[in-house]
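Visitor: Sequence first, then the predicted structure:
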Amino acid sequence: MKILEKNKSHIIYKEDNGIVSIVPNTPYFHMKVVEWKNERIKFDLPIEGIEVLETFNGMIFNISLNGKTITTRPNMADAVVKSFTDTNSLYEIFDKYNNNKYNIQLLKGVLEKHGDRIRILPAGFVIDDIFLVDRTGVCWIWDSDRQEADKTHRTNLGSGAVCIVVDKTQRLKLKTSNGLVEIDEMGYIILSKIEFLMDPNLNDTVFTHQIPKKVLKILERNKAENLV
């Protein structure tokens with residue numbers, strides 16, 4: 001790719017296929033286009049246990065800090081890339097996620113329709129003994145033998161977490177057996193990922209390429225049995 005013009009407000013560049021694009025000259029797009037040539041952004045600081053990797057969906061990052069991982073939203077992209085030169089900002093981003101206050105009892109009421117397919121543990125929400133969606137909304141492969149997230153699994157994205165992107169965040173009002181409940185944004189992210197994992201789209205190669213072959217075979221078998 002080639003940068004055609006760069007000023008305070010925008011960046012114009014030509015991609016290798018000849019397409020000319022224009023993006024705002026924000027911290028994220030400056031790093032994405034000028035420094036990383038439209039490749040996925042990555043930042044590592046092993047001495048502090050920090051790993052940041054952009055997902056296949058631009059402006060969305062998986063951030064791992066001392067073994068814990070969060071997935072940020074697009075409106076945080078500028079803050080994420082600016083934190084590369086101020087790692088204290090990464091801790092602030094983590095604090096913001098970890099302090100999300102959603103009512104676990106409300107989520108239990110919404111998820112009760114799935115019966116024993118979902119177990120609610122201190123670590124988060126275990127789906128079919130295959131996946132874990134933790135309480136910060138990050139998905140992991142579940143180790144049913146050890147009864148914990150398999151943090152040794154590395155996806156093709158270079159992270160232990162399985163990337164499932166929730167494009168929108170919103171508050172929800174849902175009817176449950178206990179009446180009408182309101183779920184906040186973090187609860188919405190968790191519910192959206194759980195719903196996807198209950199019936200995953202196996203034609204979604206971004207998803208299937210991240211999971212172990214043995215897990216994919218289980219999902220394919222379950223899908224076939226449900227179609228009978």
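Guide: Structure received. Residues are numbered from 1 along each chain as shown.

Visitor: give the contact list for the residue nearest to residue 160 when sequence neighbours are not counted.
Guide: Closest residue in space to residue 160, ignoring its immediate chain neighbours: residue 151 at 5.2 Å, by C-beta to C-beta, 6 or more residues apart in numbering. For the C-beta atoms, the positions are set from N, CA and C on the backbone; glycine is no exception. Listed by C-beta atoms under 8 Å, 6 or more residues apart in numbering, the contact set of residue 151 reads 67, 140, 160.

Visitor: Around the second one, count how many other residues there are.
Guide: Okay, so that is residue 140. By other C-beta atoms under 10 Å, 21 other residues sit near residue 140.

Visitor: Next up, identify which helix or strand it is on.
Guide: Under DSSP states H and E, the secondary-structure element containing residue 140 is strand 139-143.

Visitor: Check what contacts that strand and list those residues.
Guide: 126-127, 129-134, 148-151, 153, 160-164, 193, 197, 211-212, 215.

Visitor: Using a markdown table, please lay out the contacts of residue 151 together with distance to residue 9 and pLDDT.
Guide: Below are the contacts of residue 151 laid out as a markdown table (distance: C-beta to C-beta, whole Å; pLDDT from 0 to 100):
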| residue | distance to residue 9 | pLDDT |
| --- | --- | --- |
| 67 | 40 | 75 |
| 140 | 41 | 94 |
| 160 | 39 | 82 |
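
Visitor: sorry, back to before: for the strand holding residue 140, which residues meet the burial criterion?
Guide: For strand 139-143, a neighbour-count test (16 or more other C-beta atoms under 10 Å) marks 139-142 as buried.

Visitor: Follow the chain on from that strand and name the next helix or strand.
Guide: Past strand 139-143, the next helix or strand by DSSP H and E is strand 148-149.

Visitor: Adjacent strands (with direction) for that following strand?
Guide: Partners of strand 148-149 in the sheet, by DSSP bridges, are strand 139-143 (antiparallel).

Visitor: What about the contacts of strand 139-143, which are in strands?
Guide: 126-127, 131-134, 148-149 (DSSP state E).

Visitor: domain parsing for this protein?
Guide: 40-98, 104-227 (automatic domain parsing).

Visitor: want to throw these into TSV with distance to residue 32?
Guide: Output for these, formatted as TSV (distance: least, C-beta to C-beta, whole Å):
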stretch	distance to residue 32
domain 40-98	6
domain 104-227	16
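
Visitor: So for residue 27, which of those domains sits nearest?
Guide: domain 40-98 (4.6 Å; C-beta to C-beta).

Visitor: what are the phi and psi angles of residue 47?
Guide: phi -60, psi -30 (degrees, to the nearest 10).
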